[in-house]
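Peer 1: Generate coordinates for the sequence data below:
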Amino acid sequence: MKLTSLRIITKDIQQSVHFYEKAIGLTAQWYTEDFAELSTETITIAIGSTRTMKMFGDNLEESTGSQTSIIEFLVSDVDVEYQKIKGLTGQVVQEPTTMPWGNRSLLFRDPDGNLINFFTPVSEQAIQKFN
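Peer 2: I've put the predicted structure just below:
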């Protein structure tokens, strides 16, 4: 089994796609007006409008953003990324902080309230883990 994609469902797909393009520095590939993807070397971030949920059945609730899951991106310098992110969102949850497990971490929310973590390994053990 291989995890290949994470899908975010949003009420405002234009706003969400624009946010992720700016946050991760990639251009989205649009497939329809309700679905776009941003592909990294390791995973694809798929973004769908709430209308796409109807294709999966009638019993799915509308998403209001995750309060218990965090989408994480390994970045080369979290402090540099923070300068970009603080101008992109007013929802910085935690400014760059070195965590006990050796990552320097920046936690913020996307336009739908999903938690996003940009992190850079800084301890010797964390650096080894991600090399």
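
Peer 1: so how far is stretch 99-115 off the chain centroid?
Peer 2: Relative to the centre of its chain, stretch 99-115 is centred 9 Å away, using C-alpha atoms, centre = their mean, to the nearest Å.

Peer 1: now swap in stretch 123-131 and tell me
Peer 2: Distance, centroid of stretch 123-131 to centroid of chain: 22 Å (C-alpha atoms, centre = their mean).

Peer 1: residues of that stretch that come out buried?
Peer 2: The neighbour-count criterion (16 or more other C-beta atoms under 10 Å) identifies Ala126 as the buried residues of stretch 123-131. C-betas here are computed from N, CA, C, even on glycine.

Peer 1: Pull the residues that contact that stretch.
Peer 2: Contacts of stretch 123-131 with the rest of the structure, by C-beta atoms under 8 Å, 6 or more residues apart in numbering, involve 74, 101-103, 121.

Peer 1: I'd like to know the average pLDDT value across stretch 27-37.
Peer 2: Averaging pLDDT along stretch 27-37 yields 96.

Peer 1: repeat for stretch 53-66
Peer 2: 64.

Peer 1: and this protein, what are its domains?
Peer 2: Domain ranges of the chain: 1-63, 64-131, per automatic domain parsing.

Peer 1: so where do the strands sit in the protein?
Peer 2: Under the criterion DSSP state E, strands of the chain are mapped to 5-10, 29-32, 35-39, 44-49, 70-74, 92-98, 103-109, 115-121.

Peer 1: Now render these as JSON lines, adding distance to Lys84 and mean neighbour count.
Peer 2: As requested, these are exported to JSON lines (distance: least, C-beta to C-beta, whole Å; neighbours: other C-beta atoms under 10 Å):
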{"stretch": "strand 5-10", "distance to Lys84": "20", "mean neighbour count": "16"}
{"stretch": "strand 29-32", "distance to Lys84": "22", "mean neighbour count": "12"}
{"stretch": "strand 35-39", "distance to Lys84": "16", "mean neighbour count": "19"}
{"stretch": "strand 44-49", "distance to Lys84": "17", "mean neighbour count": "20"}
{"stretch": "strand 70-74", "distance to Lys84": "12", "mean neighbour count": "15"}
{"stretch": "strand 92-98", "distance to Lys84": "12", "mean neighbour count": "14"}
{"stretch": "strand 103-109", "distance to Lys84": "10", "mean neighbour count": "20"}
{"stretch": "strand 115-121", "distance to Lys84": "10", "mean neighbour count": "21"}
